[in-house]
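Chemist: Structure, please.
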Amino acid sequence: MPTPAVLTPAARGAVRGELLARAGRAPDALALFAEVSAQLRRLLPYDAAVWRATDPATGLMTAPVRTENTDKRGCWDYWECELFDERVNRFADLARARVPVAALRASTGGEPERAAIYRQFLRPRGLHDELRAVLRVGGRPQGHLSLFRARGRAPFSAAEERMVAGLTTPLARRLRSYAEPVAGRVDQGAEESVRNGEFRGGGVGRDEPGLLLFDADARLVSANTAARRHLAALPPGPTRETALGLAVPAWLHGVVLQARAATAAESATATADTGATTPTDTADRPPAAATAPRVRLRTTAGRWLTCHASCLHGADGTPRSTAVVIEPAAAAEIAPLLADAYELTARELEITQLLARGLGTEGIAAELFLSPHTVRDHIKAVFDKTGVSTRGALVGKLFLEHYEPVAAAGTLRTRP
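Modeler: You can find the predicted model right below:
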């Protein structure tokens, strides 16, 4: 790939402004990744890239995912290394770092061999360096970015790290905004179901959980019809074909690997508690997530799904397979995403949820030990942030519209 022409500071500023402007106009996350990538290449050269949306509560990869100039198996090898072997620049660590951006060669003092991702992913593919970033806002990760340079390129510089760091918050804010619901039809009786905490979307057969079973090698061995329907409704991205004729998305493979990593972490903890291991045994083992994975995903029609997984054990206690469930999300699971999208405070979200339960001002005040005047002030602030003027419209916008939306016309989709 040719090196971009050297830009003056003024020209670089103009390109950055164009990048952010196009990001602001992108209709969905996949389109945003494509638009930003096209402009980012004008600012710094790279030969391959992976853009991922993440669940802000867990930081786990979700849909959509965009790959550029990577082989079909690349996403699988990369994420398996990240979860089981990597200790350098882990995304989970970057999400908590003061600056959520790091270049591999700079981080290892010019010795990238110290990183598992270099040994197992970059070097076999002729790649020389990686710059990775967590796109975060409000302390929550909304996406991940991996940029790669091929052998013969200069390593990513400190100036390039700073430039990417300056984009992480505005891009994360835009990714977060995609949680806002689109206008659509609400099934009769849906509002009452939301108040009872039971509503999971409408339509005959659409609430059935999708079930998938993966073997000990993370290969898909079984899936029901609902799982196929839910997967078909999600944005396109890198997939791997299976013997069942069902393509497994990269994010789903990541969920399966995360479940196995969580099980491995639990086993290691149990072994350590029995005194059967020594610190030396675990010194080189990367930290793994100790909780079962759970991610939220938005379909191309705007409906929300949740996906969670856990390992199944044999009679001897050994993990044998992984069960995955994909199902329509409950209102309570989506509320935090919507609160983030509209930048509601914790108190404003709490009051909004009580409104959805049907409580009036006096009831909310009694529930939260606030004055009615304070409650009204909070409700007014929520109205201003969400662009509604009545309580009914607020409940409909935050808790109902995303269940039965009309697919937006002209949604941009790209093929990685």
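
Chemist: how about the nearest residue to residue 247, chain neighbours excluded?
Modeler: Once flanking residues are discounted, residue 247 sits nearest to residue 239: 3.7 Å by CB to CB, 6 or more residues apart in numbering. C-beta coordinates here come from the backbone N, C-alpha and C atoms, glycine included.

Chemist: How much space separates that neighbour from residue 332?
Modeler: Distance, residue 239 to residue 332, using CB to CB, to the nearest Å: 30 Å.

Chemist: quick one: low-confidence ranges for the chain?
Modeler: 1-5, 181-206, 267-291, 399-416 (pLDDT under 70).

Chemist: related to what we said a few turns ago, higher neighbour count, residue 239 and residue 332?
Modeler: A direct count of neighbours by other CB atoms under 10 Å for residue 239 and residue 332 places residue 239 higher, at 19 against 13.

Chemist: For the more buried one, which residues count as its bridge partners?
Modeler: residue 249 (DSSP bridges).

Chemist: quick one: contacts for it?
Modeler: Going by CB atoms under 8 Å, 6 or more residues apart in numbering, residue 239 touches 247, 248, 249, 250.

Chemist: Now do the contacts for the first one.
Modeler: This points to residue 247. Taking CB under 8 Å, 6+ apart as the test, what residue 247 contacts is 231, 239, 240, 241.

Chemist: go again using 7 Å as the cut-off
Modeler: Taking CB atoms under 7 Å, 6 or more residues apart in numbering as the criterion, residue 247 is in contact with 239, 240, 241.

Chemist: repeat for the third one
Modeler: The neighbours of residue 249, taking CB under 7 Å, 6+ apart as the test, are 63, 231, 237, 239.

Chemist: So residue 385 versus residue 28, what's the distance?
Modeler: 22 Å.

Chemist: these two touch, right, residue 67 and residue 50?
Modeler: Yes - the pair residue 67 / residue 50 is scored as a contact, 5.2 Å apart, by CB atoms under 7 Å.

Chemist: returning to what we had before: among the contacts of residue 249, find me the one that's closest to residue 6.
Modeler: residue 237 (34.1 Å; CB to CB).

Chemist: tally of neighbours for that closest one?
Modeler: 25.

Chemist: wait, it sits on residue 64?
Modeler: Yes - counting by CB under 7 Å, residue 237 touches residue 64, with 5.1 Å between them.

Chemist: picking up where we left off before, go through the contacts of residue 249 and flag which are in helices.
Modeler: Among the contacts of residue 249, the ones falling in helices (DSSP state H) are residue 231.

Chemist: Dump the contacts of residue 249 into JSON lines; add distance to residue 95 as well.
Modeler: Below are the contacts of residue 249 laid out as JSON lines (distance: CB to CB, whole Å):
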{"residue": "63", "distance to residue 95": "19"}
{"residue": "231", "distance to residue 95": "27"}
{"residue": "237", "distance to residue 95": "21"}
{"residue": "239", "distance to residue 95": "26"}
